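**Q** Quick one, fold the following:
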Amino acid sequence: MFRFFAPFGFLLCFFVSLPFHSGIAAFAAVPSPKTEILWDTFGVPHVFAANTEDLFYGYGWAQAHSHGNLVLRLYGESRARGAEYFGESALELDRWLAVNQAPALAQRWYQQQTPEFRKYLDAFAKGMNDYVAKHPESISSELRPVLPITGVDPLQHALRLFQFSYVASAARVKSAASRPEPARTEDGGSNAWAIAPSRTKDGHALLLGNPHLPWSGWYTYYEAHLNAPGINLYGATQIGLPVLRFVFSDYLGFNQTVNSMDGMDLYALTVKGGKYEFDGAWKDFETASHTLKVKQGDGSFREEKIAIRRSVHGPVVYDEEGKTIAMAVSGLDRPFALEQYWQMQTAHSFAEYEKALRRMQVPTFNMVYADRDGNIHYLFNGLLPKRKHGDLAYWAGIVPGNTSETLWQGYHRFEDLPQVFNPKTGYVQNTNDPPWNAAWPASLDPEKYPAYASGRGTSFRAERSLRMLGEMDKTTLEEFIEKKHSTRSELADRVMDDLLAAVAAHGEGERVKKAATVLEGWDRETNADSRGALLFLYWAQKLMGPALGNQSRFAVPYSMKDPLRTPRGLKDPIEATRFLDEAAAQMERDFGALDAPWGDVMKYKHGNAEFPANGGFGNLGIFRVITFSGMKEKKRTPTHGETFVICVEFGSKPRAFAILSYGNASQPGSPHSTDQLEWMTRKALRPVLLDRKSVEAQVERTDRFQ
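**A** Residues are numbered from 1 along each chain as shown. Purely as a prediction, here's the structure:
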């Protein structure tokens, strides 16, 4: 435990020596001496503040303590100055943000904030700066030039994440430019459930938040408990954001999954003589430039000038091989996403929560909600452009840019978006699938929405989710948590009988028959000791492709009217039998056995910690998603999947359990960078500490401010 005394002279010298970045957060008010951070034994900060401004200050201090180097790297990158700070490796992202004029837009957004919320952003930034001033040794020398942080930085970072990573990305532009149809990839994403009191034993609503993302970089989650007069919030957010995104209070909670809303469109331009064609006329591009500094190996800098051209659609983001493509991105006129999140989480009722949602500042993400009054809600949230025609596949490609027929006509209203409130089914869910099966039997009719609103397919993980929710009746929080940890493969349940019958009818040779025997004895789980799961994975990747996304080899295709039984069957039993023989041969080559246990190969690994894994690929129909890398190696480690997990029961006081897979810190030497990994292998969650007394019983250290 220590007390923080910050002599003015020391701080003044510290900040004068740092590069200037607009904003004056470094000189925001000093927090009240009543503000303190109690750190529990898992490195979770419990911030107790005298007022809301101090709360943001304490939260900024906490993020710098737990992830200071990571936050500074991300903020440096989000300024489109990564190459200036870190060298050539960051240049591609700088170009992407510069072409989209993100730095200038973030500055405008900062000026547009309400005076109250701008104070909160400044306080958050000052908390970070003050932590570094007190602990300069905690920050890598490579990252010190990024300082000081200002209130613009969290806005700039949010803009990078929401608009220029989730909604639009350079990778998607390149993919669309090189292929007419984007490739289908491994089903990853997130899980979210809300269960109504009618389906629970104690008559309390239940909420699950379970995002799946890569285990490093800007994807990293940070868990925190935030307290101020009238405020008691618990949850997690991506590091660098000043508000929680997976959160609950004494009154309500909400979680999110990535949705399929298309808020980015690409336009093929016809260019001649430096002009572009539009509605039969030739128009001049709007032009601007942006100069990037690029740090060289010897410490010197070179400059790269980015020429920016804009059509009526937006900036030109691709100009190669005779293709000139401009891009439109939703939400660039909506600067209040962070404030909206703050209003959503500090609401005391569904009416207040919905009022915040109706601001429509958050450009994407499904929202899944529950509260202590027993309400549950699902919203296919986002800024959905109004288009004159076309379906989702049409707009996922590159559309003609020479006509106003493809220009957006504004955004759809909140009332136009697919949503479900207190359905008769007693639950809402999403696993990154389209909104139509938010509850089953379906309460949303896709025919009532534009064809470009969302697709109509689904994944085996979504079907596993629906099946488990249908089985939950008069459930308890403990049973809810057990279901959440399911490692059973829906795909195996769907095809195993047909596969075994195919081998019995067509299998020739001892190897394929032994493989069938292994699969017949498999429990269809992906636990560490499951024998047969690896063999099934090898077979499924031959049937459905390496990303497990091709459903064309099933006898009965998917039907929205029958999601729990389709797709099913094997279109070609002889081919399926051959695939199993090939998979068995591969297992023998790789592991010397057909029944190698799942956990002998699949590992939870982070830093120096390693444990046998459970869970697996979402497209196997596994709810506990872990995507493993190194599929040609003898040991495979997670690159993506289970991150923050929170299960909440809304009684008179909430009760909750949580885990953050890779731990709540990334600073060198922190004991909390891997201390929760062992809990994952046990499918265990930690009790969430929600009141000061329970926190004080597990305090590791205390930071007080004077």
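**Q** chain center to stretch 63-79, what's the gap?
**A** Centroid separation for stretch 63-79 versus its chain: 18 Å, with CA atoms, centre = their mean, to the nearest Å.
**Q** could you pull out the strands for the stretch 51-200 of the chain?
**A** 190-195 (DSSP state E, counting those that start in this stretch).
**Q** how about low-confidence regions in it?
**A** For the stretch 51-200 of the chain, the stretches flagged by pLDDT under 70 are 179-188.
**Q** one more time with 90, if that's ok
**A** 172, 174-189 (pLDDT under 90).
**Q** Lys605 falls within a helix, correct?
**A** No - according to DSSP: H, G, I helix; E, B strand; the rest coil, Lys605 belongs to no helix; its state is strand.
**Q** If it is in a bridge, with which residues?
**A** Beta-bridge partners of Lys605, counted by DSSP bridges, are Glu610.
**Q** quick one: it from Pro668, how far?
**A** 18 Å (CB to CB, to the nearest Å). Quick note: C-beta positions are derived from backbone N, CA and C, even for glycine.
**Q** Who has more neighbours out of those two?
**A** Higher neighbour count among Lys605 and Pro668: Lys605, with 20 against 9, using other CB atoms under 10 Å.
**Q** Helices of the stretch 451-600 of the chain, start to end?
**A** For the stretch 451-600 of the chain, helices defined by DSSP state H, counting those that start in this stretch occupy the ranges 460-471, 477-484, 490-506, 510-521, 533-544, 573-591, 598-601.
**Q** I meant the stretch 201-350 of the chain, not that one.
**A** 337-345, 350-357.
**Q** contacts for the last one?
**A** Applying CB atoms under 8 Å, 6 or more residues apart in numbering, the contact partners of helix 350-357 are 252, 254, 340, 343-344, 347, 367, 369, 371, 373, 375, 377, 379, 381, 414.
**Q** In that helix, which residues are buried?
**A** 350, 353-354, 356-357 (16 or more other CB atoms under 10 Å).
**Q** Pick out whichever of the residues you listed sits closest to Ser260.
**A** Ranked by distance to Ser260 (CB to CB), the buried residues of helix 350-357 are led by Leu357 at 18.9 Å.
**Q** Stretch 93-104: end-to-end distance?
**A** Separation of the first and last residues of stretch 93-104 by CA to CA, to the nearest Å is 16 Å.
**Q** again but with stretch 369-385, I slipped
**A** End-to-end for stretch 369-385, by CA to CA: 24 Å.
**Q** just how off-centre is it within its chain?
**A** 17 Å.
**Q** same question, stretch 671-687
**A** On CA atoms, centre = their mean, the centre of stretch 671-687 falls 20 Å from that of its chain.
**Q** Mind listing what's buried along it?
**A** Neighbour-count burial for stretch 671-687 [16+ other CB under 10 Å]: 672-677, 679-681, 683, 685-686.
**Q** Got phi/psi on Ala439?
**A** Torsion angles at Ala439 (phi, psi; degrees, to the nearest 10) stand at phi -140, psi 150.
**Q** need the contact list for it.
**A** 378, 420, 423, 425, 427-429.
**Q** Any of these buried? List them.
**A** Looking at these with 16+ other CB under 10 Å, the buried ones turn out to be 378, 420, 423, 425, 427-429.
**Q** Which ones among the residues you listed lie within strands?
**A** Taking DSSP state E as the definition of strands, the buried ones among the contacts of Ala439 contribute 378, 420, 427-429.
**Q** out of these, who's nearest Leu161?
**A** Nearest to Leu161 among those, counting by CB to CB, is Tyr378 at 22.7 Å.
**Q** which residues touch that closest one?
**A** 194, 366-369, 419-420, 428-430, 435, 438-439.
**Q** can I get the contacts of Ala439 in a markdown table with distance to Leu292 and pLDDT?
**A** Output for these, formatted as a markdown table (distance: CB to CB, whole Å; pLDDT from 0 to 100):
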| residue | distance to Leu292 | pLDDT |
| --- | --- | --- |
| Tyr378 | 42 | 98 |
| Val420 | 46 | 97 |
| Pro423 | 51 | 97 |
| Thr425 | 52 | 94 |
| Tyr427 | 49 | 98 |
| Val428 | 45 | 98 |
| Gln429 | 44 | 97 |
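**Q** between those residues, which is closest to Arg461?
**A** Gln429 (10.8 Å).
**Q** and that closest one, what are its bridge partners?
**A** When bridges are called by DSSP bridges, Gln429 pairs up with Trp193.
**Q** was I right about Ala453 contacting Leu392?
**A** Yes - contact status for Ala453 versus Leu392: in contact at 7.4 Å, counting by CB atoms under 8 Å.
**Q** of the two, who's got more company?
**A** Just comparing Ala453 and Leu392: by other CB under 10 Å the higher neighbour count belongs to Ala453, 23 against 17.
**Q** Just give me the neighbour total for Thr475.
**A** 18.
**Q** before we move on, back to that, highest mean neighbour count out of the helices of the stretch 451-600 of the chain?
**A** helix 533-544 (a mean of 24; mean count of other CB atoms under 10 Å).
**Q** Which elements pack onto that helix?
**A** helix 490-506, helix 510-521, helix 573-591, helix 598-601 (3 or more CB pairs under 8 Å, 6 or more residues apart in numbering; DSSP states H and E).
**Q** which one of these lies closest to Gly618?
**A** Of all these, helix 490-506 comes closest under CB to CB, at 10.0 Å.
**Q** Among the helices of the stretch 451-600 of the chain, which comes closest to Lys119?
**A** helix 477-484 (38.0 Å).
**Q** out of the helices of the stretch 451-600 of the chain, which comes closest to Val71?
**A** helix 477-484 (29.7 Å).
**Q** what residues does the closest one touch?
**A** 191, 193, 195, 206, 208, 210, 468, 471-472, 475, 623-624, 645, 647, 649, 655, 657, 685.
**Q** are any of those buried, and which?
**A** Applying 16+ other CB under 10 Å to those flags 191, 193, 195, 206, 208, 210, 468, 472, 475, 623-624, 645, 647, 649, 655, 657, 685 as buried.
**Q** Can you tell me how far the nearest residue to Gly189 once chain neighbours are set aside is from Ser260?
**A** Of all residues not flanking Gly189 in the chain, Asn432 sits nearest, at 3.2 Å (CB to CB, 6 or more residues apart in numbering). Per CB to CB, Asn432 is found 8 Å from Ser260.
**Q** Neighbour count: the two, which is higher?
**A** Between Asn432 and Ser260, Asn432 has the larger neighbour count (other CB under 10 Å), namely 22 against 19.
**Q** Am I right that the more buried one is in contact with Val258?
**A** Yes - applying CB under 8 Å as the test, Asn432 and Val258 come out as touching, 5.6 Å apart.
**Q** Residues that sit against both of the two, list them.
**A** The contact lists of Asn432 and Val258 share 189-190, 366, where a contact means CB under 8 Å, 6+ apart.
**Q** Quick check: bridge partners of the closest residue to Gly87 other than its chain neighbours?
**A** Excluding the flanking residues, the one nearest Gly87 by CB to CB, 6+ apart is Lys295, at 4.7 Å. Beta-bridge pairing for Lys295 (DSSP bridges): Phe301.
**Q** Alright, calling it a day.
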